[in-house]
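Asker: would you be able to build a 3D model of this:
(one chain, ligands or ions: 1)
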Amino acid sequence: MTAPDTRAAPRMIAISSGKGGVGKSTVTANIAVAMAQAGLAVGIVDADIYGPSIPGMLGIAGDKPAMTPEGKVIPAEAHGVKVISMAMLSDDDKPAILRGPMVTKYLQMFVRQVDWGALDVLLLDLPPGTGDIQLTLAQAFPLAGAVVVSTPQDVSLKIARRGLRMMEQVNVPILGIVENMSGFTCPSCGTLTHIFHEGGGEAIAQELAVPFLGKVPLDPAVVDCGDDGIPLVTAAPGSPAAMAYAQIAATLARAGGDMGGIATPFAWTLADGTGKPAPALAPPTPDGPTDRLRALDDDAAGLALCWADGYEQHLSPRDLRLACACAQCREEMTGAQLLIPDRVPLDIRITRIWSVGNYALGMAFSDGHDTGIYTFKSLRTMRSTELEDV
Ligand SMILES: Nc1ncnc2c1ncn2[C@@H]1O[C@H](COP(=O)(O)OP(=O)(O)OP(=O)(O)O)[C@@H](O)[C@H]1O
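Answerer: So this is what the prediction gives:
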């Protein structure tokens, strides 16, 4: 057996919204600064490729970023938060017209080719919506979880519900819902008026059994602060909106740490054990999710998989190779096997295993095949190999 890699990766949290203009970027900027004020090392990837607004909100000039001698991008830094944004790579007046795959490519670069240093949390300010781009992004990164920002109107909440379902489809845990622009407190008389409906975010959170993270009131100072590049949590930390941001940041700083799954991202070379994922800290529980992998190991019976509900499996490299569902090994329409079992050597080995988002593993084999993606759901349905079968 090989020793696990214990290097900690930052917790990646996506901040999403079903539609634009609900205050997602303002929430991202303020909770990032609040987390930094609480002593965490925080980065933001401004993934809102069509309307990158984080640099403006944090008072960062749109200069092209410098590079390290190793060719990594040096992120900008303001209010204790490291930031990389499309706004730094494109001219201000040129809208970024990019197709989905290009967006993913840029964002992969934002996460992997940036000299982040040691971070505790990396926030991803996603583009608004629940389309292909958001789905691809949610799948491309090993997210610890996602936050959905909504305003209290019914229409906004209905769209937020769609966003929550999308995240669930790709196994991204929902860390909670933020209700923004929730009521207006009159600065002269202090009366709270609910301009939109009240409590819709809380009701949806209850209906979908996800946490409700808090309400941020409508506050004209939020707009001024955004325009001035000084987030409200710095400019007016005692205001109700700033206190709401700080409260949400404190909850998120604790959430999504150890979701009961193996540490991701990882790329494990089995021959020398480098990059082996550390197991989840939390012990398995009988009512734990059946599709969350909590430990991965290699032993005499093949690959050992331990699941969050305590179930354990041993899968032989040959069974895994034969189960490959990539387009070369299976007919896409009918699902019929194209791979000829006799051509798979009895002593085939797995050479590398890597994480694919939070929902699957990629595997390379000693026959050179490396295009298969094994979802946790599909792995879980495979029959365990008995030691005497090996
Ligand atoms: N709590 C609030 N009170 C008052 N104004 C707010 C509040 N939250 C956000 N705003 C303002 O609403 C506008 C939209 O906010 P923001 O850009 O954060 O939204 P968004 O959801 O990220 O939009 P998009 O994704 O379309 O860029 C901004 O002018 C911002 O200052």
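
Asker: show the average pLDDT along stretch 221-236.
Answerer: The average pLDDT for stretch 221-236 rounds to 92.

Asker: contact partners of it?
Answerer: Under the criterion Cβ atoms under 8 Å, 6 or more residues apart in numbering, residues 23, 26, 29-30, 33-34, 37, 53, 56-60, 78-79, 219, 239, 241-242, 245-246 lie in contact with stretch 221-236. For glycine as for every other residue, the C-beta is placed from the backbone atoms N, C-alpha and C.

Asker: what residues sit buried inside that stretch?
Answerer: Buried residues in stretch 221-236, counting neighbours by 16 or more other Cβ atoms under 10 Å, are found at 222, 225-226, 229-234, 236.

Asker: also stretch 37-50?
Answerer: Buried residues in stretch 37-50, counted by 16+ other Cβ under 10 Å: 37, 40-49.

Asker: out of the buried residues of stretch 221-236, which are close to the ligand?
Answerer: Here is what survives when those are matched to the ligand using Cβ under 6 Å from any ligand atom: 222, 226.

Asker: now the strands for the stretch 251-390 of the chain?
Answerer: Assignment of strands within the stretch 251-390 of the chain using DSSP state E, counting those that start in this stretch yields the ranges 267-269, 293-299, 302-307, 312-315, 350-356, 360-365, 372-375.

Asker: helices and strands around the last one, which ones?
Answerer: Translated: strand 372-375. Here strand 372-375 is seen to pack against strand 360-365 when contacts are counted using 3 or more Cβ pairs under 8 Å, 6 or more residues apart in numbering; DSSP states H and E.

Asker: helices and strands around the strand it packs on, which ones?
Answerer: Helices and strands in packing contact with strand 360-365 are listed as helix 317-322, strand 350-356, strand 372-375, helix 376-380; criterion 3+ Cβ pairs under 8 Å, 6+ apart.

Asker: any chance of a markdown table for the buried residues of stretch 37-50, columns pLDDT and secondary structure?
Answerer: Putting the buried residues of stretch 37-50 into a markdown table (pLDDT from 0 to 100; DSSP: H, G, I helix; E, B strand; the rest coil) gives the following:
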| residue | pLDDT | secondary structure |
| --- | --- | --- |
| Q37 | 91 | helix |
| L40 | 89 | coil |
| A41 | 92 | coil |
| V42 | 95 | strand |
| G43 | 95 | strand |
| I44 | 95 | strand |
| V45 | 92 | strand |
| D46 | 91 | strand |
| A47 | 84 | coil |
| D48 | 80 | coil |
| I49 | 75 | coil |
